[in-house]
Every structure is written in structure tokens, then in C-alpha cells.
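Q: Provided below are the primary sequence and the corresponding predicted coordinates.
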Amino acid sequence: MTAEPARATSIDGKAFAAGLVDRVAAAASRLEGAHGVKPGLAVVIVGEDPASQIYVRNKGETTQRAGMRSDTHRLPDTTSQEDLLLLIAALNADAGIHGILVQLPLPAHIDSSAVLDAISPDKDVDGFHVVNAGRLAVGLPGLVPCTPLGCLMLLKAELGDLTGLNAVVVGRSNIVGKPMAQLLLGESCTVTIAHSRTKDLPALCRAADILVAAVGRPEMVRGDWVKPGATVIDVGINRVPSKDPVKAAEGKTRVVGDVAFDEAAAVAGRITPVPRGVGPMTIACLLANTYTAACRSVGVEPESLDASI
Ligand SMILES: Nc1nc(=O)c2c([nH]1)NC[C@@H]1CN(c3ccc(C(=O)N[C@@H](CCC(=O)O)C(=O)O)cc3)C=[N+]21
């Protein structure tokens with residue numbers, strides 16, 4: 001008789017995110033009670049990108065659950081950069097708005113970095129402003145990008161102290177890979193950032209106690225890239241054709257990560273699924289950042305939002 005293959009614990013990001021949203025809601029209501037400030041988030045969407053639509057739908061529901069103000073500004077894809085910058089200037093000046101998020105991608109005629117850098121760094125709840133990237137790099141308090149922040153919260157909740165662990169981050173984007181590496185370095189991990197030009201990527205990944213996949217390529221990380229017992233964080237959200245050929249022919253899709261889940265789960269100690277892994281944490285951290293920004297706007301130290309279980 002052969003033994004069943006060991007199977008990793010699947011990290012329930014959706015449940016963890018629900019707990020975080022509850023803690024944000026409680027902290028936000030105490031802030032409102034004590035200081036009369038209700039955290040307010042403004043989301044700006046230009047055009048009709050489908051990935052952004054999913055995100056906005058989930059975010060709207062979650063923000064309501066947290067009892068926070070949420071304004072959505074839907075602009076046509078013909079909007080000029082000048083008009084978008086005027087809206088951002090108005091939101092920067094609006095004392096009832098503590099967080100501003102401009103959905104990416106923006107239409108090609110708009111210079112994204114000019115738009116992101118027009119957002120006040122103290123309202124930049126995406127953490128994409130160059131000032132917040134700089135604060136993270138030098139260890140100053142700022143606003144940290146939501147996806148890597150959510151990944152770090154899951155890692156700390158699962159593993160506790162991360163000191164000395166080998167972390168490999170696959171992907172070097174400004175939105176996930178680079179800030180993820182900075183956060184792990186801040187936890188005293190030994191961090192390697194890998195990318196499409198990295199030599200012998202599978203062997204490098206096999207040395208990782210913490211493996212973060214953020215490349216946007218469906219199921220690229222295979223089971224034999226994973227060190228036995230490692231913790232695997234899958235940031236990818238990729239739409240691929242349905243497994244059933246009839247449904248695929250009808251254009252039906254399913255969502256997969258950057259990790260081949262079943263293979264990796266047979267080797268890893270812990271692994272985040274897709275969906276219901278990192279994605280819901282991104283949204284919960286957006287609310288956490290909005291709460292943090294609202295506290296700082298009135299000079300109040302934000303309460304800890306870490307899980308106390
Ligand atoms: N300025 C800006 N900031 C963003 O953070 C940003 C953005 N623009 N543009 C679009 C992408 C996409 N994104 C998602 C976040 C959570 C889920 C999410 O919660 N997904 C669920 C459902 C996935 C599904 O079933 O499709 C899950 O993973 O369980 C999805 C997508 C944030 N984005």
C-alpha cells in the first residue's frame with residue numbers, strides 16, 4: 001500500500017480577510033466615535049477594464065460592510081489626462097476623503113505615473129506613489145501597497161516570526177514584487193527577487209522557505225520548484241479557458257494562479273489558493289490603509305489590526 005501524498009494546508013485568505021475587515025470596521029467606528037472622522041475612500045475608474053470591474057464590485061461590497069464612506073467616480077475612456085488630474089486635485093483637497101485609488105490599467109493616452117504621482121502621498125491607499133515607495137525602502141511610516149501587505153499579514157499569521165527565512169519573490173513589478181521584497185527584508189528574511197531573466201529559476205525556488213509567485217503567468221510554478229514544507233503565496237489571478245471543452249468553446253473561463261496548485265500542494269507545508277487566497281486580502285488591506293490614512297489625518301495613532309488569535 002502506498003502512503004497518501006502529504007498535502008499542504010490551504011491558507012483561507014477569504015476568511016482571514018473577513019476577520020481583518022471586521023477589525024477595520026471596529027477600529028473605524030471607534031475613530032468616528034472619538035474624533036468624528038469617518039474614513040472615506042474615493043475610487044476612480046476610467047473605461048471598462050474587466051479585471052477592474054471585478055475588483056470594484058468586491059471592494060464596494062466590502063467597504064459597505066466596514067461602515068466606511070465609498071465614492072466611485074466612473075469616467076468614460078475618452079477622459080483627458082487634464083480632466084483626470086483636475087478630479088484628483090479636487091479629491092486631494094476634500095477633507096472627507098482619506099484614500100484615493102485610481103484603477104489601473106488606465107487608457108493608453110493617459111500617462112499612469114503622472115496620474116499616480118498627482119495623488120497626495122498621504123491619501124495614496126494603493127501605496128503606488130514614488131514617495132511611499134521611498135518611505136518603504138528606507139523604513140519610514142507610509143502607505144504600503146495592498147497586495148504585498150496582505151501577503152505579509154498572511155505569512156505572519158501562519159508562521160509567526162519570519163527572521164532568517166529564505167524568501168524568493170518571483171516577479172519584480174512596482175506593485176507587488178518590489179514592495180513584497182522590501183516588506184520581507186523588513187522582517188529580516190533573506191530575500192531574492194527572481195524574474196524572467198533569472199538563471200535556473202526552479203532550483204532557486206527550491207531553496208525558498210517562503211515562495212511568492214507574482215508573475216501573471218498561469219500555473220508557471222510547478223510542484224518540483226517547491227521545497228518540502230515551504231509556504232507558497234500565489235498572487236496570480238489569471239483567467240484561462242474552462243477545463244470542459246464544451247464550456248471552453250462557449251467562452252467560459254476559470255481563474256487560476258501563477259502556481260500549479262495541486263502539484264505544489266503535494267509538496268508545500270502551506271499554500272494560498274486562487275481564488276479565495278491573496279485576492280480578498282488585497283481588498284481588506286485597501287480598507288485598512290484607508291483607516292490608517294484617516295487616523296493620520298487627525299494625528300491619531302492607528303490601532304493594531306493584526307489578528308489576536
Ligand atoms: N489601482 C489599482 N489597485 C489595485 O489593487 C487593482 C487595480 N488598480 N486594478 C485591478 C487589479 C485587480 N485587483 C484585484 C483585487 C482583488 C481581487 C479578488 O478579491 N479576487 C477574488 C475573486 C477572483 C475571481 O473569482 O475572479 C479572489 O481572488 O478570491 C481581484 C482583483 C486589484 N487591482
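A: Received the coordinates, thanks.
Q: per-residue pLDDT, residue 2?
A: The predicted structure scores residue 2 at 58 on the pLDDT scale.
Q: Apologies, that question was intended for residue 290.
A: The model reports residue 290 with a pLDDT of 97.
Q: Now do the contacts for it.
A: Contact partners of residue 290, counting by C-beta atoms under 8 Å, 6 or more residues apart in numbering, are 39-41, 68, 98-99, 125. Quick note: C-beta positions are derived from backbone N, CA and C, even for glycine.
Q: So the closest residue to the ligand within the stretch 101-250 of the chain: helix, strand or coil?
A: Nearest residue of the stretch 101-250 of the chain to the ligand, counting by C-beta to the nearest ligand atom: residue 104, 4.0 Å away. Assigned by DSSP: H, G, I helix; E, B strand; the rest coil, the conformation of residue 104 is coil.
Q: doesn't residue 113 make contact with it?
A: No - the criterion here is C-beta atoms under 8 Å, and residue 104 misses it with residue 113 at 10.7 Å.
Q: These two - which one has more neighbours?
A: Using other C-beta atoms under 10 Å, the more surrounded residue of residue 104 and residue 113 is residue 104, with 17 against 11.
Q: Identify the residue nearest that one in space, chain neighbours excluded?
A: Using C-beta to C-beta, 6 or more residues apart in numbering and skipping residues adjacent in sequence, the residue nearest residue 104 is residue 112, 6.4 Å away.
Q: List the backbone torsions phi and psi for the one you found.
A: With angles defined as degrees, to the nearest 10, residue 112 sits at phi -60, psi -40.
Q: for the contacts of residue 290, which one is nearest the ligand?
A: Nearest to the ligand, judged by C-beta to the nearest ligand atom, of those is residue 125 at 9.0 Å.
Q: What residues does this structure have near the ligand?
A: Within reach of the ligand by C-beta under 6 Å from any ligand atom, the chain has these residues: 51-52, 54-55, 58, 101-104, 126, 146, 237, 255, 274-276, 279-280, 282-283.
Q: next helix or strand past the helix or strand bottoming out on mean pLDDT in the chain?
A: Least confident helix or strand, the chain: helix 50-65 with a mean of 80, by mean pLDDT, DSSP states H and E. Sequence order places strand 69-75 as the next helix or strand after helix 50-65, per DSSP states H and E.
Q: average pLDDT across that following strand?
A: The pLDDT scores in strand 69-75 average 93.
Q: who does the helix or strand following that strand touch, helix- and strand-wise?
A: Sequence-wise, the next helix or strand downstream of strand 69-75 (DSSP H and E) is helix 81-93. Using 3 or more C-beta pairs under 8 Å, 6 or more residues apart in numbering; DSSP states H and E, the elements in contact with helix 81-93 are strand 40-46, strand 69-75, strand 99-102, helix 112-116.
Q: and those as CSV, adding distance to residue 21?
A: Shown next, in CSV, are those (distance: least, C-beta to C-beta, whole Å):
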stretch, distance to residue 21
strand 40-46, 13
strand 69-75, 13
strand 99-102, 15
helix 112-116, 25
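Q: So which of the ones you listed is the most surrounded?
A: Mean neighbours per residue, mean count of other C-beta atoms under 10 Å, is largest over the helices and strands packed on helix 81-93 for strand 99-102, with a mean of 26.
Q: and the residue most central in space within the chain, what does it touch?
A: Central residue of the chain (C-alpha atoms, centre = their mean): residue 147, 1.3 Å from the mean position. For residue 147, the contacting residues are 175-176, 180, 214, 235, 278, 281-282, 285, by C-beta under 8 Å, 6+ apart.
Q: redo that, cut-off 10 Å
A: Residues in contact with residue 147 (C-beta atoms under 10 Å, 6 or more residues apart in numbering) are 126-127, 173, 175-176, 179-180, 214, 235, 278-279, 281-283, 285-286.
Q: ok, for residue 72, nearest residue in space, not its chain neighbours?
A: Once flanking residues are discounted, residue 72 sits nearest to residue 43: 4.9 Å by C-beta to C-beta, 6+ apart.
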